[in-house]
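Participant: A predicted structure for the sequence below; I have some questions about it.
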Amino acid sequence: MSNISLRTLGRALALALPLSLGVIGASAQAPASTSAASSPAKKELVTRLLKLQQPGIESLARQLAEQPAGQLLNQAAPALQNRVAADKREATATAIRADVKKYTDEAIPLVRERAIKLAPATVGTLLEEKFSEDELRQLVTLLESPVYAKYNQLSGEMQKVLLEKLVADTRPSIEPKIRVLEASVGKRLGIQPAAAKPAK
């Protein structure tokens, strides 16, 4: 499993943890028919919740903006090897990285800004509809608690240690399966496998 896969999975878990605790998990506990009337107090609590969830919203926006660039890079890698002369590969790769950086520098702030603006009318409306004022107050108390903040700060470290161990533990089982898959796909495409490197 590559470092890119590890970072991508880690990013997805980092996003899922606070959002699931703050909104999705709590929503599952709320009765489906709850449709408490809105009030200024509820609106204030929802505003506070959205502020607390802003890092997760921004992370979601970043992931959404980066996804097309990541897919394009994945598609470009084989083409770089197969279609670009060996002496021009490094320069071409550098130019592609610069193009991707230009795209992400422009796209990420734009998507992040839109996500923050859309959150009150989407997530905020859902929170107002599904939660009572008392439930919203409990959520705010939980998310503002120093214990939760401490737990949340550890989320990256928790994911890192789990993922490192998971990759190490599954590598012996997964790598042979990946080689079999690569050989099978290569055979179907008429691509000769690379010569095996001699064992040291």
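Facilitator: That came through, no problem. Numbering: from 1, shown residues only.
Participant: gap between the strand or helix carrying residue 163 and the chain center?
Facilitator: Using DSSP states H and E, the element containing residue 163 is helix 146-189. In terms of C-alpha atoms, centre = their mean, to the nearest Å, the centre of helix 146-189 is set 14 Å apart from its chain centre.
Participant: one more: stretch 49-69?
Facilitator: In terms of C-alpha atoms, centre = their mean, the centre of stretch 49-69 is found 8 Å from the chain centre.
Participant: again, but for stretch 111-125
Facilitator: What separates the centre of stretch 111-125 from the centre of its chain is 17 Å, taken as C-alpha atoms, centre = their mean.
Participant: can I get it in PDB, CA atoms only?
Facilitator: Included here for stretch 111-125 are C-alpha records, laid out as PDB according to Å, rounded to 0.1, in the frame of the first residue of the first chain:
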ATOM      1  CA  VAL A 111     -14.900  25.300  -3.000                       C
ATOM      2  CA  ARG A 112     -14.200  25.900   0.700                       C
ATOM      3  CA  GLU A 113     -15.900  29.300   0.600                       C
ATOM      4  CA  ARG A 114     -19.000  27.900  -1.100                       C
ATOM      5  CA  ALA A 115     -19.100  25.000   1.400                       C
ATOM      6  CA  ILE A 116     -19.100  27.400   4.300                       C
ATOM      7  CA  LYS A 117     -21.800  29.500   2.700                       C
ATOM      8  CA  LEU A 118     -24.000  26.500   1.900                       C
ATOM      9  CA  ALA A 119     -23.700  24.900   5.300                       C
ATOM     10  CA  PRO A 120     -26.300  27.000   7.100                       C
ATOM     11  CA  ALA A 121     -29.000  26.300   4.400                       C
ATOM     12  CA  THR A 122     -28.200  22.600   4.200                       C
ATOM     13  CA  VAL A 123     -26.600  21.100   7.400                       C
ATOM     14  CA  GLY A 124     -28.000  24.000   9.500                       C
ATOM     15  CA  THR A 125     -31.600  23.400   8.300                       C
END
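Participant: list the buried residues of that stretch.
Facilitator: By neighbour count on 16 or more other C-beta atoms under 10 Å, the buried set for stretch 111-125 is 111, 112, 115, 119, 123, 124. C-beta coordinates here come from the backbone N, C-alpha and C atoms, glycine included.
Participant: is the third one in a helix, a strand, or coil?
Facilitator: With DSSP: H, G, I helix; E, B strand; the rest coil as the basis, the three-state label of residue 115 is helix.
Participant: need the contact list for the residue nearest to it when sequence neighbours are not counted.
Facilitator: Closest residue to residue 115 apart from its sequence neighbours, by C-beta to C-beta, 6 or more residues apart in numbering: residue 61 at 3.9 Å. Residue 61 makes contacts with 108, 111, 112, 114, 115, 116, as judged by C-beta atoms under 8 Å, 6 or more residues apart in numbering.
Participant: can you read off the pLDDT for the residue nearest to the third one when sequence neighbours are not counted?
Facilitator: The spatially closest residue to residue 112, leaving aside those adjacent along the chain, is residue 61, at 4.3 Å (C-beta to C-beta, 6+ apart). For residue 61, the model assigns a pLDDT of 94.
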